[in-house]
Every structure is written in structure tokens, then in C-alpha cells.
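build me a model:
(one chain, ligands or ions: 2)
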Amino acid sequence: MSPRPRIAIVIPVFNEEAVLPELFRRLDTIFASRPREEWITVFTNDGSRDRSGALLAARAAAVPGTRVLEFSRNFGHQSALAAGLAHAADADATVTMDADMQDPPELIPQLVDAWLGGAETVLAVRRSRQEAGLRRAGFEAFHAFFGRLTDFPIENNTGTFGLLNRAAVEAFNSLPEKHRFFPGLRAWIGFTHAEISYDRQERAAGQPAQTLRRLVRYALDGVFSFSYLPLRLLTYCGLCVALLGFTAGLYFVAKRLLGYETAVTGFTTLAILVLFLGGVQLIGIGVLGEYLGRVYDEVKRRPNYIIRRKTGCD
Ligand code: UDP
Ligand code: MG
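Ligands and ions are numbered 1, 2, ... in the order given. Predicted structure coming up:
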């Protein structure tokens, strides 16, 4: 490591013109207070349709150490993050955070200090969060349930915000997969981690760029890319139903052989059984489809993103 460690801040940006000026200001304050580190920022403009691109270009022209990757269209938060990390490989440590200041930039020095203290990765853990209603319920359900059901459980209440050392960034960059779920991959690559807790803020301005639908898809990626449990559950469910069917069959055959009348009633039972089993089978096909679709996406080997223009990268 160089005597003056180089720290990169990777920030995905999608329609954030309302927050960028304040973000720049707050980052500058932090950089000024830490002259012993060399600071670079890697912004990914993920196909913004507002003035974010112009604001980032102006910043890159004015502030040395600013890198801007401009996507050819909107590829999504995860791709933007992956692109940023791919262009931060020369940093000794890399902080990943959102642009909207829900992850307070003032926490960055603490993350860096934890890393200087020997941690290979540092997780920012939310003590509290400001979201309300359906969004909040969704986040909580995910962390209480889905986040644990995978083979590499993600730390409770962690998200994108955190720090990776150079080796961890290299490990992350070497992963070829398309459906990326950053917190899960961070758990998967291993390394020791330290935790810093913080209060998650309200978005500084503007609307969440991640729609609820996207968040649901993101959560599903988290489950399907890290767990075979849905498939296993189906197997168990199938076994139970088969066992039940077998027992019921034995019962009816025995009854018939012993000479009891089997009256031709039982339409309700039949209808329920047919509908129930039909439903279970459709769910089964759906779950298979989730895996198969992901396999298809990987096999196509399309890149995760396309960069139209790079500024500030050598
Ligand atoms: N973002 C992005 N591409 C997208 C959606 C979001 O780069 O398609 C960025 C966004 O600018 C922000 C971060 O990803 O910096 C998180 O987005 P948001 O705040 O909307 O998500 P949430 O806080 O609800 O997870
Ligand atoms: Mg946000």
C-alpha cells in the first residue's frame, strides 16, 4: 500500500440532479478534512434523463480524481455499481454508496478508519431507517425472511453502503454473473468484515429511482441466485402430496376389496384435488422458470452494461 492510500468512492447515479450539488459539497468537505488519503470518485451515469450528466461532466472538468462512466441507456443500479467497481481497481480501498445521501457521506471516514484498523471489508449497518409504508414493510420482510433463506445469509440491515479493500474489489470484479445482488455477492466473496452502525436518512431530494417492482425483482435475484431452497421446497411438497395420494389410494382400494360400496359422490373432493394439484404444478413450473431464465441470461453472455463515454479514467 502506498504511504498515501488511495480511496475510491463508487456512486451510481440515475436522475439525481436534485441531490448532486449537495452530494458534491458534502464529499468535498470530507475530502478536505482527510488530506492524508488520496480521494477519487467514480460516478456511473446510468442513463439519466435529467441534468445529472451535465452536472457530472462539470464536476469531472473541475475536480481532479473524478471519473465518470456514462452508460448508453439505463441498465439498473446493480450494473452501475459493477461498472464503478470495475473502474476503481487501482484504489487501495473502495467505498460503495448511493447518490441520494440516504447513506450519509459523513460516515466515510469511519469506514476508512475501520479499514486502516485492519478490516478487509467494512459494512455500514442501519440502526434505523426512514422509509414508511409498503416499501418499509418490504425491506423488513426481506431481511427477516428472504435474506436468511439463502446459503450465504446477508448481514441483517446492510445494503450497498460499505467499503471493500483492493483484494475484495478484485474478487468482485472477477465474478462473471449477470444477475447481480451486491449484498449477497459481498457475503459470498468472504473476507473479514467490520461493522459500523448508522441511521439511514430520508432521501435528500427527488423520488426513489428504484421502483417497487424493481426492488421486488432485486429481492428475487437475492433469493434465486443464492439458494436452491425454492426447488428443494417443491421437492418436499411433491413428496408430501405423493405420500398423501398413495395413502388415500390404499385406503380406497382396500375399502373396495373388502366389499364396501363406494358411492359416486365426492365431486367436491375431486374438484378441490384437481385444482389444488394444478396450482402446485404451476407454481413448480414458475419456480423452474425463474432458474431457467437466469441460466438463459448467463448463457447469452451479453455484457452487464455498455459505456458510451468515459471521462477521467486513464
Ligand atoms: N440508481 C441507478 N440506476 C437505476 C436506479 C437507481 O443507478 O436504475 C441509483 C440511484 O441514483 C441511487 C441508487 O442507485 O444512487 C439507489 O437508488 P434509490 O435511492 O432509488 O433506491 P433505494 O434507496 O430505494 O434502494
Ligand atoms: Mg435511495
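
what sits against Val241?
Val241 sits next to 277, 280 when contact means CB atoms under 8 Å, 6 or more residues apart in numbering. (C-beta placed from N, C-alpha, C; glycine too.)

and the pLDDT for it?
The pLDDT attached to Val241 in the predicted structure is 86.

next to ligand 1, which bits of this protein? Give me the list.
For the chain, the residues in contact with ligand 1 under the definition CB under 6 Å from any ligand atom are 12-14, 16, 46, 74, 76-77, 80, 98-100, 102, 208-210.

quick one: which two of those are the most distant?
When CB to CB is used, the two most widely separated members of these are Asn74 and Gln102, lying 19.7 Å apart.

between the two, which is the more surrounded one?
More neighbours surround Gln102 than the other of Asn74 and Gln102, with 21 against 17 (other CB atoms under 10 Å).

is that one in contact with Asp199, as I believe?
No - look at Gln102 against Asp199 with CB atoms under 8 Å: they stay out of range, at 10.1 Å.

which residues of the stretch 151-300 of the chain fall in strands?
Per DSSP state E, counting those that start in this stretch, the stretch 151-300 of the chain has strands spanning 158-165, 193-199. These are given in chain order.

what about the first one, near ligand 2?
Read it as strand 158-165. No - counting by CB under 5 Å from the ion, ligand 2 has no neighbours in strand 158-165; the shortest distance is 9.1 Å.

buried residues in that strand, which are they?
Going by neighbour count (16 or more other CB atoms under 10 Å), the buried part of strand 158-165 is 158-165.

let's have these in TSV, adding pLDDT.
Rendered in TSV, the data for the buried residues of strand 158-165 read as follows (pLDDT from 0 to 100):
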residue	pLDDT
Thr158	81
Gly159	83
Thr160	89
Phe161	91
Gly162	92
Leu163	95
Leu164	94
Asn165	94
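
report the two of the residues you listed separated the most.
Gly159 and Asn165 (19.0 Å).

which parts of the longest helix seen in the chain are buried?
Across the chain, the helix with the greatest residue count (assigned by DSSP state H) is helix 267-300. Judged by neighbour count (16+ other CB under 10 Å), helix 267-300 contains these buried residues: 284, 294.

still on that earlier bit, which one of the strands of the stretch 151-300 of the chain lies closest to Leu234?
Between Leu234 and the strands of the stretch 151-300 of the chain, the shortest gap by CB to CB is with strand 158-165, which sits at 29.5 Å.

good, we can wrap up now.
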